[in-house]
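Student: Sequence below, structure please.
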Amino acid sequence: MNPRDSRTAVTALLADRGYRLTAPRRQVLDVLVASRTPLSAAEIHRRLENRRINLASVYRTIYVLRRLEAVRVTDAIGAEQRFELADPFSAHHHHLICQDCGRIDDFEGCPLEERVLRAVNRRVRRSRRFRVVQHELRLIGACADCDRGRPDGAERRP
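Tutor: Residues are numbered from 1 along each chain as shown. Just a heads-up that it's a prediction; the model follows:
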């Protein structure tokens, strides 16, 4: 979904559920739509065009958008929660998470083939009586910046 369509869809969802599109909500939504990576509440706040909007308003807006399932939470390794538009409002993607610096990059598309997803769903359904309706893949490793100083093959030890 392109950014304009994402913004329109979330705005319509807010209106359908009886929420006004206040200035803080509009600006938080604009930041989320424009971002190519998940952002913490503090990062969203720093990117707002109106610096008079306080951090509490950002958290309230995130809370509303999460209740409406327009935003999802992505956890970095040992860091604060990050937020991004949920799949219905953005293209399906997964995350590359650096275990050293906490950086999260989007990995566009889905590397899991449809037959693999069907096989996983069948197995989970049989063994756990659970039906999978969506999935999230997090690949954890070292970003290029953090990996640069390591000898070949060396891995980070906890």
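Student: For this protein, give me the ranges with low pLDDT.
Tutor: 76, 78-79, 150-158 (pLDDT under 70).
Student: Tell me, domain by domain, which residues of it belong where.
Tutor: As assigned by automatic domain parsing, the chain contains the domains 1-91, 92-158.
Student: Deepest in the core, which of those is it.
Tutor: Of all these, domain 1-91 has the most neighbours on average by mean count of other CB atoms under 10 Å, namely a mean of 16. Glycine gets a C-beta too; all of them are placed from N, C-alpha and C.
Student: can you give me the strands in the protein?
Tutor: Under the criterion DSSP state E, the chain contains strands at 71-75, 81-85, 93-98, 104-108, 138-141.
Student: for those strands, which one sits closest to residue 131?
Tutor: strand 71-75 (19.5 Å; CB to CB).
Student: now what about the closest one, what contacts it?
Tutor: With contacts defined as CB atoms under 8 Å, 6 or more residues apart in numbering, strand 71-75 is touched by 32, 38, 62, 65-66, 81-87, 95, 104, 138.
Student: strands paired with that strand, and their directions?
Tutor: Sheet pairing of strand 71-75 (DSSP bridges) gives strand 81-85 (antiparallel).
Student: Contact partners for the residue most central in space within the chain?
Tutor: The residue lying closest to the centre of the chain (CA atoms, centre = their mean) is residue 84, at 3.5 Å. For residue 84, the contact set (CB under 8 Å, 6+ apart) comprises 32, 35, 37-39, 71-72, 74, 90.
Student: how about these in TSV, adding distance to residue 23?
Tutor: TSV is the format used below for the contacts of residue 84 (distance: CB to CB, whole Å):
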residue	distance to residue 23
32	15
35	19
37	24
38	23
39	19
71	18
72	24
74	26
90	23
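Student: distance of residue 77 from residue 140?
Tutor: 6 Å (CB to CB, to the nearest Å).
Student: rewinding a little: got CSV for the strands of the chain, with distance to residue 121 too?
Tutor: Shown next, in CSV, are the strands of the chain (distance: least, CB to CB, whole Å):
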stretch, distance to residue 121
strand 71-75, 20
strand 81-85, 24
strand 93-98, 17
strand 104-108, 21
strand 138-141, 19
